[in-house]
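Participant: Sequence and computational prediction follow.
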Amino acid sequence: MKIITTGVAGTMESSDIIVTIEPKENEGIELSLESDVMQQFGKQIEKVIRETLDELGVKAAKVSAVDKGALDCTVAARTMAAAYRAAESTDYVFKEVKSK
Amino acid sequence: MSERLRRSMLFVPGNNPGMIRDAHIYGSDSIMFDLEDSVAITEKDTARFLVYKALTTLSYGKKELVVRINDLSSGIGVMDLEAIVRARPDVIRLPKTETAQDVIDCEREIERIEREAGIPVGSTGMMAAIESAIGVLNAKEIAFSSKRLIGIALGAEDYVTDLKTTRSPEGVELMFARGMIVNAAKAAGIMALDTVYSDVNNEEGFIAEATLIRKMGFDGKSIINPRQVAPLHAVFTPSERDLKKAMAIMDAIAEANARGSGVASLNGKMIDKPVVARAQYLLELYERSKAMPVEEV
């Protein structure tokens, strides 16, 4: 997935996170993170963002995130939405859950 | 009739992470994640990702999980299905259902996605919300349109707009729609689910409406605030007097059956098959509600 513009997803509400993804010339993910729970969960939030971008095949991007205590699934959801917006793509891919 | 209780179906806005996280703690029988009216048109994509990730990641225990998608004519509805069917909720709620064909069209998309994703065909349930004058007139055909349907629901806000009237505390404007929907649902052997009561600060009005719809034969109601769970469940829980009467009826008929008769008498009143069926249903409802205790909010 190629990032071609600025994509933003999320809000400043409690339990949410705003993820902004912008184009970057060289390969690699440049990530800056602000969080109310930086000490306890900063590394985990960064891990979820990087893993989500990796799954989407994003090779080059500048990412900034402002976290308000989001769960991992919210971090992943906002990252996915911001990435698709930044790629100007609606070719969404959703994996199925095999068992309930 | 499905064994599951659906006294309370709590709407949760699909783009609100805090409410999505906490939705299971309020004791509602079902949680309905909403991708439709509570989500701004510019945020349909973000809400879809959020609900998809919540369904595939979080545990909601034994709660029934329902997702209200956007209607298929908008084009957004099919995009919702592509994500949500793969996340395996119990039920997809189709809004603004006007004809049986609306249900059939939605079912066709669900089945296609189930096949593509290797999900057992038929494992995704459906419910149809009827929200217009034409939808109400077609309630019977809608109720019989798919084996996947667990129930049909009334969506009153759009319905009263269609009628060019407004909602009143007495609900006189909804009498015909409620009558049609409950009759159609029961004829098809599925559940009838009532609309939301939007004045969350008027508990007295809410209880009056819940009492009315229970009496009409509805199985439950959509709600928009967790505070409405406990009073709603109280309305749908049989009273001690009703329970005692139901048990006495069951005892009387058991005694009559032992004598080789299908009819009994209790306190001078005839006890026959429909009376027994009602008593049996009430006792079943009580047993099922005991299994899902109300949690304090």
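Facilitator: Received, thanks.
Participant: most centrally placed residue in chain B?
Facilitator: By CA atoms, centre = their mean, the mean C-alpha position of chain B lies nearest to B:Leu193, the distance being 4.1 Å.
Participant: Quick check: bridge partners of that one?
Facilitator: On the basis of DSSP bridges, B:Leu193 is bridged to B:Ala153, B:Gly220.
Participant: tell me the contacts of it?
Facilitator: Shown in contact with B:Leu193 (CB atoms under 8 Å, 6 or more residues apart in numbering or on different chains): B:Arg6, B:Met9, B:Met127, B:Gly151, B:Ile152, B:Ala153, B:Leu154, B:Phe218, B:Asp219, B:Gly220, B:Lys221, B:Ser222. Where C-beta positions appear, they are placed from N, C-alpha and C, glycine not excepted.
Participant: One more: B:Asn70?
Facilitator: With CB under 8 Å, 6+ apart, B:Asn70 has these contacts: B:Leu35, B:Glu36, B:Lys44, B:Ile76, B:Gly77, B:Asp80, B:Pro95.
Participant: of all those, which two lie farthest apart?
Facilitator: Using CB to CB, those reach their maximum pairwise distance at B:Lys44 and B:Pro95, which is 13.3 Å.
Participant: Of those two, which one has the most company?
Facilitator: Using other CB atoms under 10 Å in any protein chain shown, the more surrounded residue of B:Lys44 and B:Pro95 is B:Pro95, with 23 against 18.
Participant: per-residue confidence at that one?
Facilitator: B:Pro95 is assigned 97 on the pLDDT scale.
Participant: Quick check: residues of the stretch 1-150 of chain B near chain A?
Facilitator: Counting by CB under 8 Å from any CB of the partner chain, the positions of the stretch 1-150 of chain B adjacent to chain A are B:16-18, B:20-21, B:45-46, B:49-50, B:52-58, B:79, B:82-83, B:85-88, B:117-119, B:123.
Participant: gap between the host helix or strand of B:Arg214 and the chain center?
Facilitator: Assigned by DSSP states H and E, B:Arg214 falls within helix B:203-216. Offset of helix B:203-216 from its chain centre (CA atoms, centre = their mean, to the nearest Å): 15 Å.
Participant: Now do that helix: which elements does it pack against?
Facilitator: For helix B:203-216, the packing partners by 3 or more CB pairs under 8 Å, 6 or more residues apart in numbering or on different chains; DSSP states H and E come out as helix B:175-188, helix B:229-236.
Participant: okay if I get those helices as TSV plus distance to chain A and mean pLDDT?
Facilitator: What follows is these, written out as TSV (distance: least, CB to the nearest CB, whole Å; pLDDT from 0 to 100):
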stretch	distance to chain A	mean pLDDT
helix B:175-188	25	98
helix B:229-236	21	95
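Participant: Adding mean neighbour count, write those out as CSV.
Facilitator: Below are the helices and strands packed on helix B:203-216 laid out as CSV (neighbours: other CB atoms under 10 Å in any protein chain shown):
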stretch, mean neighbour count
helix B:175-188, 19
helix B:229-236, 20
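Participant: shouldn't B:Glu64 be in contact with B:Asp90?
Facilitator: Yes: if you go by CB atoms under 8 Å, B:Glu64 and B:Asp90 touch, sitting 4.9 Å apart.
Participant: A:Gly69 contacts A:Val37, correct?
Facilitator: Yes: applying CB under 8 Å as the test, A:Gly69 and A:Val37 come out as touching, 5.8 Å apart.
Participant: Next, the buried residues of the host helix or strand of B:Arg48.
Facilitator: Using DSSP H and E, the element containing B:Arg48 is helix B:44-57. Going by neighbour count (16 or more other CB atoms under 10 Å in any protein chain shown), the buried part of helix B:44-57 is B:44-56.
Participant: Ok, stretch B:142-154 next?
Facilitator: Buried, per 16+ other CB under 10 Å, within stretch B:142-154: B:Ile142, B:Ala143, B:Phe144, B:Ser145, B:Ser146, B:Arg148, B:Leu149, B:Ile150, B:Gly151, B:Ile152, B:Ala153, B:Leu154.
Participant: Check stretch B:33-44 too.
Facilitator: Those would be B:Phe33, B:Asp34, B:Leu35, B:Glu36, B:Ser38, B:Val39, B:Glu43, B:Lys44, for stretch B:33-44 by 16+ other CB under 10 Å.
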